[in-house]
Structures are given as C-alpha cells and as structure tokens.
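K.L.:
Fold the following.
(one chain, ligands or ions: 2)
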Amino acid sequence: MSDADFAIVTRDLTKTFSVARRHVGRFAAIRSLFDPIRVHRTVVDKLTMSVARGELVALLGPNGAGKSTSIKMLTGILTPSSGEVFVDGRVPHRDRVGNARNIGAVFGQKTQLWWDLPAKQSLAILRDIFDVPKSVYDRQLADFDAILELSEFWDTPVRNLSLGQRVRCEMAGAMLHDPSIVFLDEPTIGMDVVVKEQTREFLRAQVQERGRTIVLTTHDMTEVARLCERVLLINHGRLMFDGTLEQLKSKYGSGALVNVTFSEPVGALEVPGARVVSHDAMQAVLAPMGVTTPEDIVRALISRFPVVNLAVDETNIEDLMRDVYLTTADELAHKRDSPDSDRDSA
Ligand SMILES: Nc1ncnc2c1ncn2[C@@H]1O[C@H](COP(=O)(O)OP(=O)(O)O)[C@@H](O)[C@H]1O
Ligand SMILES: [Mg+2]
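P.N.:
Ligands and ions are numbered 1, 2, ... in the order given. Below is the predicted model of the structure:
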C-alpha cells in the first residue's frame, strides 16, 4: 500500500522547539535578557505510525507528552523539524489549503466560532468559507441536529453558550464541509456526562455512517473504552504503545492491585508475573502483568510469605493509565541510560 492509501502516515516525525533558558547566579535576569541561553527541546521524537481510513483512534499521553504538537503537525499548523507526514497523501504544511479542505479540527481549548454571533450564523460563515453548497449544508445540519440537538440554542450568541453547547457546535462546524479526517484535541474536557455521551454517539455515527477517520486526544478513559478501537500512547514525544485497549491491559496489567500485609518483615519480594508497585518491609502493593491474574498473585503470596491480610483493588482504567505512564517513563529512562541506546543525542 502507498502512503495515499492510509488516512495518516508519519515516519520519524520530529518537532524540536528552541527555548530560552535562564542564566543562574549573579545578574541572571539581566544576562537572560541580553544573552539568552537557547536550548533545543524535542517534544515529538521520531513518531512513526499510520491510521487506516475509517479508524477512530485515541492519542493518549500525560500532559506535555506531545499530543497537541503532533496534531498541529498533522493539521499543517506547525512544520516538522524532521521526518515525514502524510494526511490523505498530502504533506499538510506544504499544502495547508488543500489539507484544510479535507480535514476538520476541534481544539477543546480554543474556538473556531464567532463569539458575538448566534450559533447558527457562526456555522453559516464556516459554510461560506468552505464553499459548502446550500443543499449539502441543509442536509448536514439536519443530520447533526438529530444527535447533537443544536436547534435548541441556534439563536444564542456563542459567548452565551454553555461549554457543552459550544463543543457540540464546534463539532458540527468541524464536519460541515464533509472532511474525510477529523482531529479532536481534548474536545470533551470539562463536559458533563450527558453531553459526553451525546458527542460520543455523534462521533460513532460519523465514523460508521460517513466513513470518517477520527483522531481523538482525551484524558477520559471511559471515552476511550467506549469509542476507540485503537490506542496510540505517547510519552515524552515517543510512541510507547500502538494497539487495542485489551492489548494495552495485557501488556501493562489489568489495572487491578493486590495489597498485602505481612506478619513479619519481608526483604526481597519477588512474585512471578507481578510488578511490585510499592514495598516497605511489612506491606506491599503488587500489580499483575500479562496473563497473570490478581488471584494468581494472592495464591503465590500466601504460599511463600507470612501473609496476615490481603485485599484486591479492582482499579479503574484511570489507574491503569497512571501505571502505564509511570512504566513507560521508566522504560524511557532505561533506554536513555543504556549505552546501546538508539536515541540520537539532542
Ligand atoms: N511553541 C512552543 N515552544 C516551546 N515549547 C513548546 C511549544 N509548544 C509546546 N511546547 C512544549 O512541548 C511539550 C509538549 O506539548 P504539547 O504537545 O502541548 O503536549 P500535550 O498536548 O501532550 O499536553 C510541552 O512540554 C510544551 O511545554
Ligand atoms: Mg494538548
């Protein structure tokens, strides 16, 4: 398959920012002003991935991982420092207009609507910008309204919309010109559960009925579990995992934790198939890895150690992600420390 057969292809996509660092010591503030120390920070680091047409993928990672920067390169807002990027066969930063006509984007923190205009007029301006024929516009709007219930606030100026209303309007605006690929950067941040469910239903329909490709960044793991077939996890700008949520769980554990208390101090604590999350002589917390279940760990602990108390916490997916972020941060540290590291020095 060629790059144009995929919705998105990146190869070693990298973004390095040059940032000023402050001097330390005497006259630091003045020196920083006249003679700033410039350092390079690689925030997207050789990202290689592809997304097939009609896929709904989640781009996950802790704050500062490089998610928004990646999306800005995919939308053509930022030019990569190195590497390749193709969106529907186009190079976004070289063909910004062509790319813009073919994609939609919602940045949760920003609005593309006109603050003082009623919601419907804001969309009408987008219609003009994108040259959407009247018949298509009417059909699209009716279609969006059926799920997003936009008509209840048609005439309200954007600045008076609730967050949930505004984001529903943004989503409609992003899909008005029938883009084949849509980027949603934390669109549902701060929204209530009902509206979240509504937007999920909308996104599902856009993928299943319209065949759009959607890349979604979010912190809401319930959303990921309900919506996304595939997860791309980045940490410190690097792709740490690419697969289904099920595969993520089997690699990093189910998210469950086993809490154990011992009757006498235990030194070295090793249990096959378990990761020791914390351990201080009398107590420990272990997490199952791979195919190991919490029950396997309980059995192993009882047979080998002086156990007085045991509890299993069926932790949720948020906790799982925290574990994954910590583990991937560890993995990165090891990669950087090891002499055979494949990482170029910055
Ligand atoms: N224009 C910029 N100049 C310098 N650093 C930046 C710039 N934009 C983002 N960064 C830094 O890049 C890192 C990744 O940011 P971002 O892509 O927004 O992460 P995320 O969306 O995953 O939270 C952060 O440490 C951020 O401070
Ligand atoms: Mg971001």
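
K.L.:
Show me what the lengthiest helix in the chain packs onto, helices and strands only.
P.N.:
Identified as the longest helix of the chain according to DSSP state H is helix 317-337. When contacts are defined as 3 or more CB pairs under 8 Å, 6 or more residues apart in numbering; DSSP states H and E, helix 317-337 sits against helix 221-227, strand 230-235, strand 238-243, helix 245-252. In short, each C-beta sits where N, CA and C put it, glycine included.

K.L.:
Residue numbers of the chain in contact with ligand 1?
P.N.:
17, 19, 43, 61, 63-69 (CB under 6 Å from any ligand atom).

K.L.:
now with 8 Å?
P.N.:
Within the chain, the residues that sit near ligand 1 (CB under 8 Å from any ligand atom) are 17-19, 41, 43-44, 61-72, 185-186, 217, 234, 237.

K.L.:
Give me the buried subset of those residues.
P.N.:
For the residues of the chain next to ligand 1, a neighbour count by 16 or more other CB atoms under 10 Å gives the buried set as 43-44, 61-62, 65-72, 185-186, 217, 234, 237.

K.L.:
thinking again about what came up before, among the residues of the chain next to ligand 1, which are in strands?
P.N.:
Among the residues of the chain next to ligand 1, the members falling in strands (DSSP state E) are 17-19, 41, 43-44, 185, 217, 234.

K.L.:
Need the max-distance pair from these.
P.N.:
Across these, the longest distance by CB to CB is 24.6 Å; it joins 18 and 217.

K.L.:
Next up, the contacts around the residue in the stretch 201-346 of the chain that ligand 2 sits nearest to.
P.N.:
In the stretch 201-346 of the chain, the residue that lies nearest ligand 2 is residue 217 (6.4 Å; CB to the ion). Residue 217 makes contact with 58-61, 67-68, 71, 184-186, according to CB atoms under 8 Å, 6 or more residues apart in numbering.

K.L.:
List the beta-bridge partners for it.
P.N.:
Counting by DSSP bridges, residue 217 is bridged to residue 59, residue 185.

K.L.:
What does the pLDDT read for it?
P.N.:
pLDDT for residue 217: 92.

K.L.:
and the helices and strands packed on helix 317-337, which is most packed in?
P.N.:
strand 230-235 (a mean of 22; mean count of other CB atoms under 10 Å).

K.L.:
helices or strands up against that one?
P.N.:
When contacts are defined as 3+ CB pairs under 8 Å, 6+ apart, strand 230-235 sits against strand 37-51, strand 56-60, strand 238-243, helix 245-252, helix 317-337.

K.L.:
So which elements touch the first one?
P.N.:
Taking 3+ CB pairs under 8 Å, 6+ apart as the contact definition, the neighbouring helices and strands of strand 37-51 are strand 8-21, helix 67-74, strand 230-235, strand 238-243.
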